[in-house]
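> Okay, predicted coordinates and the sequence, questions at the end:
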Amino acid sequence: MRFLLINPYCPISENPSPSLGLAFLAGALEEAGIETRVIDFTVFPFSKKILESVLRDFRPNLVGATSVTMTYDSAAQIIQAVKALNPDILTVMGGPHVTFWAEGAMNSLPELDFVVLGEGEHTAVDLVRETEQGRDWSRIKGIVYRQGPEVVRTGPREPTLELDSLPVPARHYFPLGRYRALGMPITMTTSRGCPFQCIFCVGRKMVGARVRYRNPKKVVDELEYLCGLNFQQINIVDDLFTASKDHCLAVCHEIRKRKLKANWTSFSRVDTISRELLIEMKKAGCYAVSFGVETGNPDILKTLKKKIDLEQVLEAANLCREVGVEAHFTFILGLPGETPETLRQTVDFGEKIGSIGGSSGFHLLAPFPGTEIREKMDALGLSILTHDWSQYHANRAIVETPSVTKKMLDELVISWEKKYLDRLGLIKQRREKGEVAESEAWELTKLEHIAVINDLMMSRAVEEKGTWPRTDRFVSEEDSLDRLVDRVWNSTDSGRDQVHKALSFAVGQGNLICSTQNGLVCWTWLDYLNMESERIPVTPTA
């Protein structure tokens, strides 16, 4: 049996990482002896031609797509295309969005055969086994399926208690080099579960209230492996890395015991952090911690069931500054009870954190399926303005309160975006005048590199124009790169000089390589861990 896993398109502005959920699924399928392949349409352009080619060559029995709310439409498009190309393939969707909108997905997407609810490693294997042995879907826990005209939900599947029993994520199926070239981080987990009940989040419902921990030695085995992949940043994406002081310290001590030089980040809460933890985390390589604050208004904090107070936030900011760990605090605007005054309080509180040395990020409320805030929106005084899932990216208003309109929220975000772009514009002017060192302008330069490389990947310019006949005379890699730039730069929205700088940087980082074979010069992204690029054959041009 063969299972094709698909990651749908996610905008590069969201700083996507290789899908950890799909990597866990791939590992479980691989361990069960099931042939597996992954297509990642975040870093490859989606087309029915590419999908048709993969379906023809791999001949999967099942195709599964993951999604969060903002990527659901892209995932649905993929499912529709699969069924159009081969109606006999069983189609599956998983992830937090469909877990809490399963019947909605099944009813609105007739091409969808199954929804996997919650953690999917064991369920995916069971689906394959039942496909082989009898197709009595009622025997599989944790799915929604079709039985004639009816949509049927089976009994719940309990979360995996022993996380160490799961295979490590099978990242070798993913085009990691493309994510590296884009400067994106790679992620890992040390635990699953969240004991808190914040009404805007589905974390507790998705992975359970009981926190389950991996063996610290196995955690650091994986961290050590990730260090060897040469990503600039490793994010530990546990809902709450500091949920257990003992676990957190054990992981940090194991890192130090091995003298592992790792740079990583994590998520915490202001009421589960301490000076002791921060010191040990920093010694182990943690350079940044993110805290969810959500609002600068104490009454809204209570409505959200955050169970923190603003003094704890300031204390956490001070602790991070004193220890020397970057602190990032996130806020949500448009929450229940929001007024112009509470908006001002939140913005002012963010500025107060900034005066201490922390940074703040502001997003707009997205009432995701499964959240208490969506289920009780009328009682909470919220108006949801759209059910267009692609708009649930938290950068534009899709809710209103009685005294805060969409226009007010959007104008606030647009004003911040303008300030950010103005600041980058000033850096660009100073860079052109030679008034700043490249290191000071790196924030802007990195964004320029990302834009160029993303354009090239989505247009397949390197794949289609990066191969040509080799001449007898010796041509240096630099000359060959110049020729590549001449051939591809019109496929981007950037100038030739920017494209040259971005590709030179990618070559220097080892993410873009030049080889000569069979009388051809071939430029390729170093995509996979077997050091081979996934390439659709193209005819070389002179």
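On my side now, so go ahead.

> Contact partners for residue 186?
17-18, 171, 176, 179, 226, 229, 231, 233-235 (Cβ atoms under 8 Å, 6 or more residues apart in numbering). Using the backbone N, CA and C atoms, a C-beta is placed for each residue, glycine as well.

> So it versus residue 15, what's the distance?
12 Å (Cβ to Cβ, to the nearest Å).

> same deal with residue 205?
Residue 205 is 25 Å from residue 15, by Cβ to Cβ.

> So which of those two has more stuff around it?
Neighbour totals were compared for residue 205 and residue 15, and residue 205 leads with 17 against 14 (other Cβ atoms under 10 Å).

> Find the nearest non-adjacent residue to the more buried one, please.
Nearest residue to residue 205, sequence neighbours excluded (Cβ to Cβ, 6 or more residues apart in numbering): residue 370, at 5.5 Å.

> now that neighbour: how far from residue 388?
Distance of residue 370 to residue 388, computed by Cβ to Cβ: 18 Å.

> Same question for residue 485.
Applying Cβ to Cβ, the value for residue 485 to residue 388 is 39 Å.

> What lies in contact with the worst-scoring helix or strand of the chain on mean pLDDT?
Within the chain, no helix or strand scores below strand 512-517, which has a mean of 89 by mean pLDDT, DSSP states H and E. Strand 512-517 is touched from outside by 181, 462, 470, 477, 480-481, 503, 506-507, 521-526, with contacts defined as Cβ under 8 Å, 6+ apart.

> how about 6 Å then?
Contacts to strand 512-517, defined as Cβ atoms under 6 Å, 6 or more residues apart in numbering, come from residues 470, 477, 480, 506, 522-526.

> okay, among those residues, which ones form the most distant pair?
Farthest pair in the contacts of strand 512-517 (Cβ to Cβ) is 470 and 506. Separation: 21.4 Å.

> the more surrounded of those two?
For the pair residue 470 and residue 506, the greater number of neighbours falls to residue 506 (24 against 17), based on other Cβ under 10 Å.

> nearest residue to the more buried one other than its sequence neighbours?
residue 512 (4.0 Å).

> how about low-confidence regions in the stretch 401-542 of the chain?
472-474, 529-542 (pLDDT under 70).

> repeat for the stretch 101-250 of the chain
For the stretch 101-250 of the chain (pLDDT under 70), the answer is none.

> For it, just list every one of the strands.
Per DSSP state E, counting those that start in this stretch, the stretch 101-250 of the chain carries strands over the ranges 114-116, 143-147, 150-153, 186-188, 191-192, 212-213, 234-236.

> could these go into CSV alongside distance to residue 33?
Output for these, formatted as CSV (distance: least, Cβ to Cβ, whole Å):
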stretch, distance to residue 33
strand 114-116, 20
strand 143-147, 21
strand 150-153, 28
strand 186-188, 25
strand 191-192, 25
strand 212-213, 26
strand 234-236, 30
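
> most neighbours per residue, which of these?
Among those, ranked by average contacts under mean count of other Cβ atoms under 10 Å, first place goes to strand 114-116 (a mean of 25).

> check contacts around the closest residue to residue 202 other than its chain neighbours.
Of all residues not flanking residue 202 in the chain, residue 370 sits nearest, at 4.1 Å (Cβ to Cβ, 6+ apart). Residues counted as contacts of residue 370 (Cβ under 6 Å, 6+ apart) are 100, 202, 205.

> ok, residue 164 touching residue 216?
No - because the distance of 10.6 Å does not satisfy Cβ atoms under 6 Å, residue 164 is recorded as not touching residue 216.

> got the contact list for the residue lying closest to residue 163 once chain neighbours are set aside?
Sequence neighbours aside, residue 214 is the residue nearest to residue 163 in space, at 4.7 Å (criterion: Cβ to Cβ, 6+ apart). Residues near residue 214 by Cβ under 6 Å, 6+ apart: 163-164, 190.

> ok now stretch 260-270, how far from the chain's centre?
In terms of Cα atoms, centre = their mean, to the nearest Å, the centre of stretch 260-270 is found 17 Å from the chain centre.

> which other residues reach that stretch?
223-224, 227, 234-236, 241-242, 285-291, 308, 312-313, 316.

> Stretch 385-395 too?
Residues contacting stretch 385-395 (Cβ under 6 Å, 6+ apart): 69-70, 72-73, 363-364, 366, 398.

> what's the burial count for residue 520?
12.

> Got phi/psi on it?
The phi and psi values for residue 520, taken as degrees, to the nearest 10, are phi -120, psi 150.

> would you list the contacts of residue 186 in JSON lines and tack on distance to residue 321?
Shown next, in JSON lines, are the contacts of residue 186 (distance: Cβ to Cβ, whole Å):
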{"residue": "17", "distance to residue 321": "28"}
{"residue": "18", "distance to residue 321": "32"}
{"residue": "171", "distance to residue 321": "35"}
{"residue": "176", "distance to residue 321": "34"}
{"residue": "179", "distance to residue 321": "31"}
{"residue": "226", "distance to residue 321": "28"}
{"residue": "229", "distance to residue 321": "31"}
{"residue": "231", "distance to residue 321": "27"}
{"residue": "233", "distance to residue 321": "21"}
{"residue": "234", "distance to residue 321": "23"}
{"residue": "235", "distance to residue 321": "21"}
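
> Pull the most distant pair out of those residues.
So, these by Cβ to Cβ: farthest apart are 171 and 233, at 15.4 Å.

> Between these two, which has more neighbouring residues?
Neighbours were counted for residue 171 and for residue 233 using other Cβ under 10 Å; residue 171 has more, 23 against 16.

> quick revisit: of the contacts of residue 214, keep whichever come out buried.
Buried subset of the contacts of residue 214 (neighbour count, 16 or more other Cβ atoms under 10 Å): 163, 190.

> can you list the contacts of residue 214 in CSV and add distance to residue 48?
Formatted as CSV, the contacts of residue 214 follow (distance: Cβ to Cβ, whole Å):
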residue, distance to residue 48
163, 38
164, 41
190, 40
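
> Sort out for me which of the contacts of residue 214 are in helices.
Cross-referencing the contacts of residue 214 against helices under DSSP state H gives no overlap.

> Can you give the distance of the least confident helix or strand of the chain from its chain's centre?
Counting by Cα atoms, centre = their mean, strand 512-517 is centred 30 Å from the centre of its parent chain.

> buried residues in the longest helix belonging to the chain?
Looking across the chain with DSSP H, the single longest helix is helix 406-432. For helix 406-432, the neighbour count (16+ other Cβ under 10 Å) marks 406, 408-409, 412-413, 427, 431 as buried.
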